[in-house]
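Asks: generate a structure from the sequence data that follows.
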Amino acid sequence: MWYATALALVAGLAAPFFLVDLPPVLDYPNHLARYFVLAHPNDPFLSQMYAPRWGILPNIGMDVLGVSLLKFVEPHFGGRLILALSLFAPVVGVVAYSRVAFGRFTYWPLASGLVAWNAIFFLGFMNFLLSVGLAFGAAALWMMLVRRGQRWSAAVLLAGAVAVIFFCHIFGVLLTALLIGSYELARLLDLRRDGAFTLGEGLRTCLPIALALSPAVALYLASPLSGDSTPGTWDGLQKVFVTFAPFTVYSTVLTVAAGVVFFSFLVLVWRHAVFAQGVPLALAALGLVFVVAPSTIKNGTFVDGRLALLFALLIFAGMQPRITPRQGLLAGLVFAALIGIRTGYVAWAWIDHRHDVADVRSAIAEVKPGSRVLVARGQPGYKTAGVSPPERALPGMYRLDGHLGALLVIERRAFWPLMFADPAQQPLMVKPPYDRIAHPLAEPVDWPVLNRDRFTAEDLAAARYLPDWRANFDYVLLIDPPTPLQPPSGLMPVVSNGYAVLYRVTSAPAAAAKR
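Replies: Residues are numbered from 1 along each chain as shown. I've put the predicted structure just below:
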């Protein structure tokens, strides 16, 4: 019955990936475009714009997998496989950790399917999610080997595993350190309580952990991530909101319902629940860090939302509710129903999203390979209230259609300025002269800005390619046009539909033309 339940969960969560070739996940199209470029380094057009730049970067695990896959399969099929991996990795890691921690397969870790669809997934943080799944698996391996008395073998194997996790995401390394550190600390505290703790035992515990984590420390110091950075702001009210990040889907009602059920269940079972060794310490540490952490750290965004997801996943991995069989059956039915309803809603939203994708494809069909296309949006990215259809935004967080312009790279082999090609984060660089009109890690420019004759410092910080944009771009693609539509001078509409408009740049200011 457990295996049948697990198989049903896998089949249900996988179903939406068969319904659309480009899911409404914020960063995913941009990542897919980069994988495509890296997988085809000799493309006659793209090779003039981009060049591979591999290095010690803690954010390239999915790039390695994506490049390897897209050399042999169609990009949208291979991309969905990679995206599905990011969805399943945390759930598989949770099940593996629970199996080792409690010595048997139980149903509670399968309930982590409730948080498989979450804000972090829909924002497209694929490397982060992969690293989380690997971290739970690495911690499970550590526990299994240590219990067998193979602590130094565990350290050697974990050193290799942690190095792999580092190349996926630094958060995965921190989670691995937290899980094995809290596990060992709890054991040492038990020894001290029993009067059996010795300095030698402390050293025999700490030295293998240091060995296991040393490759990640060395890689971090050799990476661009080790440089100085300015942390983001701290917002207490926002933290209250992002406690629901593990349950966030396109619907506010389903988001709140899942969160309320989860937290209510925890309140009911917490007192009598059984926790794996060290898990209470890890949960306390995650809770404390969640409270004090800023919104961004070293270009990593939605930090508190990521921490909230880790907390929820650890509850599923390291806790076992102690309830009667009848209560367990009722809880199982409730969680299964919620997982099914949420997955069904996601599937419906993805089917509806095909209309937006079709409109964008229709608009860019006229773009010739090698063209330069500026992408603008008609609605601000932070405007999520009342968005219709709902799959265009995460409630209260951000719009999810900001990177559909990446289809220009994948399907038209054209240049757009927003490709994720930051040397500190991605193994790709923009070649001259295109680098002068590129702005990696940015969002599309707001449509009204293009009507301005002069640009403020704030405008240029968000879109540094704005000066002389008419002279530097061949087309402008507008996503989700506003009403009324007032195009800037020098643009001629080529294709227009309900969701996307393609303009040809027909003129530039005289000063720009002379240059």
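Asks: which SSE is Arg504 in?
Replies: Per DSSP states H and E: Arg504 is located in strand 500-505.
Asks: ok, residues contacting that strand?
Replies: 359-360, 362-364, 366-367, 470, 473-481, 485, 487, 490-496 (C-beta atoms under 8 Å, 6 or more residues apart in numbering). In this view, the C-beta of every residue, glycine as well, is placed from N, C-alpha and C.
Asks: contacts only, for Ser371.
Replies: Contacts of Ser371 by C-beta under 8 Å, 6+ apart are 412, 414-415, 474-475.
Asks: what's the most distant pair in those?
Replies: Farthest-apart pair in the contacts of Ser371 is Arg412 and Asp474; separation 11.4 Å (C-beta to C-beta).
Asks: what about Ala461, neighbour count?
Replies: Around Ala461 there are 11 other residues, counting by other C-beta atoms under 10 Å.
Asks: tell me the confidence at it?
Replies: The model reports Ala461 with a pLDDT of 92.
Asks: confirm it sits in a strand?
Replies: No - when classified by DSSP: H, G, I helix; E, B strand; the rest coil, Ala461 is found to be helix rather than part of a strand.
Asks: who has more neighbours, Arg412 and Asp474?
Replies: Per other C-beta under 10 Å, whichever of Arg412 and Asp474 has more neighbours is Arg412, with 21 against 16.
Asks: how about the secondary structure of the closest residue to that one other than its chain neighbours?
Replies: Distance criterion C-beta to C-beta, 6 or more residues apart in numbering; nearest residue to Arg412, sequence neighbours excluded, is Val367 at 4.5 Å. Val367 falls in the coil class when you classify it by three-state DSSP.
Asks: so Ile364 touches Arg412, yeah?
Replies: Yes - between Ile364 and Arg412 there is a contact under C-beta atoms under 8 Å: 5.5 Å.
Asks: could you name every residue contacting both of these two?
Replies: Common neighbours of Ile364 and Arg412 (C-beta under 8 Å, 6+ apart) do not exist.
Asks: roughly how far out does the helix or strand hosting His31 sit from the chain middle?
Replies: Using DSSP H and E, His31 maps to helix 28-39. Counting by C-alpha atoms, centre = their mean, to the nearest Å, helix 28-39 is centred 15 Å from the centre of its parent chain.
Asks: what packs against it?
Replies: helix 61-70, helix 75-102, helix 407-412, strand 428-430 (3 or more C-beta pairs under 8 Å, 6 or more residues apart in numbering; DSSP states H and E).
Asks: so can I have CSV of those showing mean pLDDT and distance to Gly160?
Replies: What follows is the helices and strands packed on helix 28-39, written out as CSV (pLDDT from 0 to 100; distance: least, C-beta to C-beta, whole Å):
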stretch, mean pLDDT, distance to Gly160
helix 61-70, 96, 14
helix 75-102, 98, 17
helix 407-412, 98, 34
strand 428-430, 96, 26
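Asks: distance to Ala138 for the ones you listed - can I get that in a markdown table?
Replies: A markdown table is the format used below for the helices and strands packed on helix 28-39 (distance: least, C-beta to C-beta, whole Å):
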| stretch | distance to Ala138 |
| --- | --- |
| helix 61-70 | 13 |
| helix 75-102 | 9 |
| helix 407-412 | 34 |
| strand 428-430 | 28 |
